[in-house]
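In: The following block contains a protein sequence and its predicted model.
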Amino acid sequence: MTDPIADFLTRIRNAVKANHKVVEAPGSKMKQAITEILHEQGYILAYKFGTDEKGHPNIKIALKYHPETKIPAIKNLKRVSRPGLRQYAGVDEMPRVLNGLGIAIVSTSKGVMTDKEARRENVGGEVLCYIY
């Protein structure tokens with residue numbers, strides 16, 4: 001696998017489209033940071049970091065749906081920067097997803113954060129993905 005972040009986002013995207021309640025994926029520090037941001041921003045219900053029977057880290061994510069209409073909280077996930085073409089943005093060119101309704105997850109020198117936090121901290125970095 002050449003792009004584990006894209007694989008992680010694709011697992012979440014496919015689970016949402018299939019109306020699954022829980023999705024499981026291999027874990028890493030970057031994926032844990034992305035999962036925590038998704039939880040803080042209200043796109044997922046809960047998450048649990050653990051290990052499988054071989055001792056490899058994994059992440060279980062409980063997806064969030066509207067209680068009456070069953071519409072998922074995550075409408076779209078889009079990978080922006082990839083191994084073949086890295087996308088970087090300075091604090092001045094930081095993207096605004098759906099005019100501020102969505103989030104962009106950015107990997108900065110101060111850690112992984114949303115586009116709003118990166119503007120507040122006055123740092124740029126690699127734009128990992130858009131979520132809305």
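Out: That came through fine.
In: Which SSE is immediately downstream of the lengthiest helix in the chain?
Out: In the chain, taking DSSP state H as the definition, the longest helix is helix 4-17. Following helix 4-17 in sequence order, the next helix or strand is strand 22-26 (DSSP states H and E).
In: average model confidence for the helix or strand just after that next one?
Out: Going down the chain from strand 22-26, the next helix or strand is helix 29-40, by DSSP H and E. Mean pLDDT, helix 29-40: 96.
In: residues contacting the residue lying closest to residue 31 once chain neighbours are set aside?
Out: With CB to CB, 6 or more residues apart in numbering as the criterion, residue 31 has its nearest non-adjacent residue at 5.1 Å, and that residue is residue 8. The way it works is simple: take the backbone N, C-alpha and C, and place the C-beta from them, glycine included. Counting by CB atoms under 8 Å, 6 or more residues apart in numbering, residue 8 makes contact with 25-26, 31, 34.
In: could you dump the longest helix of the chain to PDB, C-alpha only?
Out: The C-alpha coordinates for helix 4-17 follow below in PDB (Å, rounded to 0.1, in the frame of the first residue of the first chain):
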ATOM      1  CA  PRO A   4      -2.300   4.600   3.900                       C
ATOM      2  CA  ILE A   5      -4.200   7.800   4.500                       C
ATOM      3  CA  ALA A   6      -6.100   7.500   1.300                       C
ATOM      4  CA  ASP A   7      -6.900   3.900   2.200                       C
ATOM      5  CA  PHE A   8      -8.200   5.000   5.600                       C
ATOM      6  CA  LEU A   9     -10.400   7.700   4.100                       C
ATOM      7  CA  THR A  10     -11.700   5.300   1.500                       C
ATOM      8  CA  ARG A  11     -12.700   2.800   4.200                       C
ATOM      9  CA  ILE A  12     -14.700   5.600   5.900                       C
ATOM     10  CA  ARG A  13     -16.300   6.800   2.700                       C
ATOM     11  CA  ASN A  14     -17.300   3.300   1.600                       C
ATOM     12  CA  ALA A  15     -18.800   2.500   5.100                       C
ATOM     13  CA  VAL A  16     -20.800   5.700   5.000                       C
ATOM     14  CA  LYS A  17     -22.200   4.900   1.500                       C
END
